[in-house]
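model the structure of this input:
(chains A, B, C and D)
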Number of protein chains: 2
Amino acid sequence: MSKCEQCIVRQFNSLKELTREELQRVSACKTSKFIKKGETIFEENEHLDGVFCIKDGICKVSKMSANGRNQILNLVTKGSLLGERSLISDEVSNLKAVALEDMEVCFVPKSEILLDLQKNSNFSMSVLKGMAGNLKQADNLIVDMAQKTVKQRLAEALLYLHRNFNFTDDEFIDVNLSREDFADIIGAATESTIRLLSDFKKKGLILIKSKRIGILNELELEKVAKDF
Amino acid sequence: MSKCEQCIVRQFNSLKELTREELQRVSACKTSKFIKKGETIFEENEHLDGVFCIKDGICKVSKMSANGRNQILNLVTKGSLLGERSLISDEVSNLKAVALEDMEVCFVPKSEILLDLQKNSNFSMSVLKGMAGNLKQADNLIVDMAQKTVKQRLAEALLYLHRNFNFTDDEFIDVNLSREDFADIIGAATESTIRLLSDFKKKGLILIKSKRIGILNELELEKVAKDF
DNA sequence: TCTAAAACATGATATATGTCATCTTTTTTA
DNA sequence: TAAAAAAGATGACATATATCATGTTTTAGA
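Numbering: from 1, shown residues only, chains lettered A, B, ... in the order given. Reported below is the predicted structural model:
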């Protein structure tokens, strides 16, 4: 199995703060696994005995609402850690993670992480900063969900995807999302989402090529998102 | 000025993890102030050079949305810390806090908190746990905002207030909220909020005595919140 | 206590969005 | 490759909620 010391991915998350010895210990106790597109990494209410470090691929992190609809809270990709919150609160997971494409993830047992959190203040400070960032992002999302229209939320989501998941040089978003996924991101009915996408396309804001979606007019989309 | 060592309030937040010496240092550098009902503790985008520890009173924590409407994200009361997130991320505040009644708060300078975070792993772990809890709460709120109707959100808010802010033995909620505040909590127009409150009253779910609101039928309100 | 201002309340109306039904296109699988 | 299944698209319709207007009650200030 490959070693953490040589893994570039850890540079993108709090594990970069670990000392050489700590990293060696992590490397020795971690396991690695491949997850196929559509498979679940962990379920809501599942007891996670550690954290996942995403080596490759992308997944959707969601939560079921009382009315039986799924809400996607985040798209998490290469370099991120998953399951930190549950580990720290010592609770079962409140979220579910499903692969949007084939993935490779490493699993680091809880005991090792907790030890490092206790011993290495650079590490714990980094985790704390990460969590603080997530909290700010969550606050922003609450405001958007509470105050923006579905149309505005869709425009925001498209812009977000365009800015964060546009890896190739064409205009298409490089995440394999169904219309239902879009609906679950913005918290709307699938039909409404489809209608609004068609509308955006008609207005020349986006490009639709069956499943692939590309942003054509970022400026105008921003106007829609901000309701001008 | 009173000493932190003798303050009961710190038992309710992460400061309880500080050692005697650390607490003495905090006590020596803290300042205390009284804030009148309606006054602002801190503004959005204000640079906070420390954290607030609420000794008495209650405030609303909110954020302005792009469309100029205010969204209340939290009601924070005696025993809580305010401003941790900004301190940790080393950013200006993303939120605003306004007193809903007369308050007494202590202000602890950033340098002292950062030092304790670095030196005392029990303290940093406690802050981390608090932040993890806030994050879970935020995730739940996102789902509610995205997926529930205004009516459901109002029912949820009333239940939340009833459970957390019902200090006396009558049925009334002990927080002085205007109808606009309610609207800002659930992310709806003030008129819609008023209409729904009247509706709940007509159905015997709540009691309205001018500004004071009391919960009469918790079970039925839960049904509304869950959409049965 | 009186008056002005703020908060609360309610009606009329417009509109955004959800729901249900049906059809078409794309993807998967046998 | 054909058939079946899933995903996407669109129309008709119902309804929740925002907006604007206006009136009433409560609160705060002189």
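
make it CA atoms for all contacts and neighbour counts henceforth
Fine.

and the strands in chain A?
For chain A, the strands defined by DSSP state E occupy A:31-35, A:40-42, A:50-56, A:58-64, A:70-77, A:81-82, A:96-99, A:103-109, A:206-209, A:212-215.

mind putting these into CSV with distance to DNA strand C and mean pLDDT?
Putting the strands of chain A into CSV (distance: least, CA to the nearest atom of the strand, whole Å; pLDDT from 0 to 100) gives the following:
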stretch, distance to DNA strand C, mean pLDDT
strand A:31-35, 16, 94
strand A:40-42, 16, 96
strand A:50-56, 20, 96
strand A:58-64, 15, 96
strand A:70-77, 12, 96
strand A:81-82, 26, 97
strand A:96-99, 13, 96
strand A:103-109, 16, 96
strand A:206-209, 8, 94
strand A:212-215, 8, 95
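
closest one to residue B:169 among these?
strand A:58-64 (35.5 Å; CA to CA).

is DNA strand D contacted by that closest one?
No - Strand A:58-64 does not reach DNA strand D (CA under 7 Å from any atom of the strand); its nearest approach is 14.6 Å.

need the contact partners of that strand.
Contacts to strand A:58-64, defined as CA atoms under 8 Å, 6 or more residues apart in numbering or on different chains, come from residues A:44, A:70-78, A:94-103, B:143.

ditto for stretch A:68-83
A:9-13, A:48, A:50-65, A:93, A:181, A:184-185, A:187, B:139, B:142-143, B:146-147.

kindly report the same for stretch A:127-142.
A:14, B:73, B:85-86, B:88-89, B:94, B:128, B:131-132, B:134-135, B:138-139, B:141-142, B:145.

6 Å - rerun?
With CA atoms under 6 Å, 6 or more residues apart in numbering or on different chains as the test, stretch A:127-142 has contacts from A:14, B:85, B:88-89, B:128, B:135, B:142.

so which of the residues you listed is the most crowded?
With neighbours defined as other CA atoms under 10 Å in any protein chain shown, the most crowded of those is residue B:142; it has 26 neighbours.

report pLDDT for it.
If you check residue B:142, the pLDDT there is 98.

and for residue A:3?
87.

can you tell me which of the contacts of stretch A:127-142 is nearest residue B:28?
Using CA to CA, the contacts of stretch A:127-142 come closest to residue B:28 at residue B:88, 21.8 Å.

OK, contacts around the closest one?
residue A:129.

what residues does chain A have near chain B?
A:85, A:88-89, A:118, A:121, A:128-129, A:132, A:135, A:142, A:145-147, A:187 (CA under 6 Å from any CA of the partner chain).

of these, just say which sits nearest to DNA strand D.
residue A:147 (7.6 Å; CA to the nearest atom of the strand).

give me the nearest residue to the closest one, chain neighbours excluded.
residue B:187 (5.8 Å; CA to CA, 6 or more residues apart in numbering or on different chains).
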